[in-house]
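**Student:** The following block contains a protein sequence and its predicted model.
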Amino acid sequence: MKRIFSKFAIFFFFILVFLFLRSDNAFANVTITPDKDSIDETVLTVSVTFDNLIPGATYFVCNRQTINECIVGVHAPFVKMARIDANSEGTLSFTTICGGEEYTVKENCKAGRDWFYGGHTYGLALFNAKTKEQAAIAQFYVHYYFPELENENISISPDNPTPGSQITVSMSQKKLRQGGDDRNSYKLTLKNNAEGKHKSYDSNCTKITQTDTPVSIIVPKNPNELSAGSYTLSIKGCDKVDDIDFYEAQVIVDQTNGSVGELIKDPLLTDTQAANDETPLSPPPPPCATLGPNGSCKSVNTAIGQIGTDPTGFIKSIFSLILGFSGGIALLLIILSGYKLMESRGNPERLEGAKDQLTSAIIGLLFIIFSLVILQIIGVDILRIPGLGK
């Protein structure tokens, strides 16, 4: 009989552990197409797939740029979020994701109106609608697209610029940046390297279509305007949002020793800096259960219930857990003592032992019941522990 009772107790213990540790969350796998390294401004749409989700579970999908914005959105009204169910295989797919307002992503994309901006990271976050815990986040960086130089060589003429000459750069691009003519138009700037006020020159914006035929851009606009000196020649975009320096070369204008240096791609390291400045992926945020008025998390969900994050809430949460756990142990000891009394069969030693254990369990249970009064006297009046006052 004792063996049966012991096995039942162990089985009951494991059932409790399973119920406590059972999770309604799954950390999803993320697949982004095309590959992250090949996503640039010429890509119109991106496909994002989440798998390894709970089949049939409901999730909230957030299209904000940063994780923190999504966390606040989960507890606030679900603005710019969508509620969607995972299929029977635990998969959610978004086949046509494009750039939206404020560097967010969206569906229902339209060519010429929705596009990705280079130098930015776009994100799509997934939250379990029941627990509000983050299941996964898909992030990808959009690289700038750099127009190709003619024959992949320097294409600047003349090779030996002299005062009064015009500098011509021949360019072509095999792909188009999404967003229209302004995002595929380029200009030249010729800045004097000498200190002090010196005249610099700009060309007109010139549109370059998707063709192998190079297009020429000329600076200065008027002939016989360029004076001798050392200049920095820059190939810039005409888009008001992304007018970055795509290429740069050093130019010497001289009557006899003029020269043109090699074109340097991304001289200001704009694309590299933007990629490195983005916040790296971090572990999933804590499963916040209660959000404060300022967006801070007041309590988090755990396998053993909600735990407060501030000192007062933490102490109260831990104390409640200890009381519940101690009361459960006392109850089990009382049941075990009753079983021993029934099994003693008149044996004085076993009967006395069962009575002592029952008495101790009842006294311990009474101490637990009146522990609040004891804690009030010791914890508040004597030790003054924060969070235990009235």
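**Tutor:** Perfect, thanks for sending it.

**Student:** Enumerate the strands of the stretch 201-350 of the chain by residue range, in sequence order.
**Tutor:** Along the stretch 201-350 of the chain, counting by DSSP state E, counting those that start in this stretch, strands occupy 201-202, 206-207, 211-219, 229-237, 245-253, 259-260, 264-265, 288-291, 297-302, 305-308.

**Student:** could I get the ones you listed as JSON lines with mean pLDDT, distance to Gly338 and mean neighbour count?
**Tutor:** Yep, even glycine has a C-beta here, placed from its N, CA and C like the rest. Output for those, formatted as JSON lines (pLDDT from 0 to 100; distance: least, C-beta to C-beta, whole Å; neighbours: other C-beta atoms under 10 Å):
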{"stretch": "strand 201-202", "mean pLDDT": "89", "distance to Gly338": "95", "mean neighbour count": "18"}
{"stretch": "strand 206-207", "mean pLDDT": "88", "distance to Gly338": "91", "mean neighbour count": "15"}
{"stretch": "strand 211-219", "mean pLDDT": "81", "distance to Gly338": "92", "mean neighbour count": "15"}
{"stretch": "strand 229-237", "mean pLDDT": "91", "distance to Gly338": "84", "mean neighbour count": "20"}
{"stretch": "strand 245-253", "mean pLDDT": "91", "distance to Gly338": "84", "mean neighbour count": "20"}
{"stretch": "strand 259-260", "mean pLDDT": "92", "distance to Gly338": "99", "mean neighbour count": "17"}
{"stretch": "strand 264-265", "mean pLDDT": "88", "distance to Gly338": "83", "mean neighbour count": "12"}
{"stretch": "strand 288-291", "mean pLDDT": "58", "distance to Gly338": "38", "mean neighbour count": "19"}
{"stretch": "strand 297-302", "mean pLDDT": "69", "distance to Gly338": "33", "mean neighbour count": "17"}
{"stretch": "strand 305-308", "mean pLDDT": "74", "distance to Gly338": "29", "mean neighbour count": "16"}
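
**Student:** want to try a markdown table for the ones you listed, with distance to Gly324 as columns?
**Tutor:** Shown next, in a markdown table, are the strands of the stretch 201-350 of the chain (distance: least, C-beta to C-beta, whole Å):
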| stretch | distance to Gly324 |
| --- | --- |
| strand 201-202 | 75 |
| strand 206-207 | 72 |
| strand 211-219 | 74 |
| strand 229-237 | 64 |
| strand 245-253 | 65 |
| strand 259-260 | 80 |
| strand 264-265 | 65 |
| strand 288-291 | 18 |
| strand 297-302 | 14 |
| strand 305-308 | 9 |
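
**Student:** Of those strands, give the one that comes closest to Tyr103.
**Tutor:** strand 229-237 (17.7 Å; C-beta to C-beta).

**Student:** Alpha carbons only: can I get that closest one in PDB?
**Tutor:** Provided in PDB are the C-alpha atoms of strand 229-237 (Å, rounded to 0.1, in the frame of the first residue of the first chain):
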ATOM      1  CA  GLY A 229      42.800  73.600 -59.000                       C
ATOM      2  CA  SER A 230      42.200  70.400 -57.000                       C
ATOM      3  CA  TYR A 231      38.700  69.200 -56.900                       C
ATOM      4  CA  THR A 232      36.600  66.300 -55.500                       C
ATOM      5  CA  LEU A 233      34.200  64.900 -58.000                       C
ATOM      6  CA  SER A 234      31.100  63.300 -56.500                       C
ATOM      7  CA  ILE A 235      28.300  61.300 -58.100                       C
ATOM      8  CA  LYS A 236      25.200  62.000 -56.100                       C
ATOM      9  CA  GLY A 237      21.500  61.000 -56.100                       C
END
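
**Student:** what's next to it, contact-wise?
**Tutor:** Strand 229-237 has contacts (C-beta atoms under 8 Å, 6 or more residues apart in numbering) with 147, 156, 167, 169, 171, 183, 185-194, 198, 217, 219, 243-253, 260, 263, 267.

**Student:** could you say what helices and strands the helix or strand containing Leu126 packs with?
**Tutor:** Using DSSP states H and E, Leu126 maps to strand 120-128. Helices and strands touching strand 120-128, by 3 or more C-beta pairs under 8 Å, 6 or more residues apart in numbering; DSSP states H and E, are strand 46-51, strand 58-62, helix 67-75, strand 92-99, strand 105-106, strand 134-142.
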